[in-house]
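> Build me a model:
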Amino acid sequence: LFPEFCRRIGAVGTAVRQRLINKFVEDYPDISVRQVTLKFTEITTKDCPPGVPTPEKKSGRSFHFFLRPRFYHHLRAEDPKPSNWEELKAADDILWDKQKAEKARKKAAQKAAKASSNNNNNNN
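Model (predicted):
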């Protein structure tokens, strides 16, 4: 199912986030909207990846979401993607690892701060 979800987003992305999520849940009712929304957030970016044509800006507050290059290998050969997609994937893999490490570091710092705060409260 994950490759199918990636294909629906595509390298060129989508401006119809909620419609795409709802259609996927409609097609696969064993999956919840919440699960699909969380996964969508994890695997997309609002930043247009290099080599992907920038979509025409629509009026209003619409956003365009792009599949992160690290997931391009889930697209079929005939699906549009940048010619240097393997390089983009490798660079995004490094960025992904840095982002995950930073998120883990922040979470650990918050946990330590909370534990310290609880200890200070118990000592008073």
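
> how close does Arg68 get to Ile9?
Spatial separation of Arg68 from Ile9 under the definition CB to CB, to the nearest Å is 9 Å. Backbone N, C-alpha and C define where each C-beta goes, glycine included.

> Mind listing the shared neighbours of the two?
Listed contacts common to Arg68 and Ile9 are Ile43, Thr44; contacts here mean CB atoms under 8 Å, 6 or more residues apart in numbering.

> quick one: contacts for the residue positioned nearest the centre of the chain?
With distances taken as CA atoms, centre = their mean, Ile43 lies nearest the centre of the chain, 2.4 Å away. Taking CB under 8 Å, 6+ apart as the definition of contact, the neighbours of Ile43 are Phe5, Cys6, Ile9, Leu67, Arg68, Phe71.

> With Glu86 instead?
By CB under 8 Å, 6+ apart, Glu86 lies in contact with nothing.

> What of the one 5 residues further on?
Contact analysis of Ala91 by CB under 8 Å, 6+ apart lists Pro69.

> Can you mark which positions in whichever strand or helix holds it are buried?
Ala91 is located in helix 85-123, with elements delineated by DSSP states H and E. By neighbour count on 16 or more other CB atoms under 10 Å, the buried set for helix 85-123 is Trp85, Leu88, Lys89, Asp92, Trp96.

> ok now it, how far from the chain's centre?
The gap between where helix 85-123 is centred and where its chain is centred comes out at 17 Å by CA atoms, centre = their mean, to the nearest Å.
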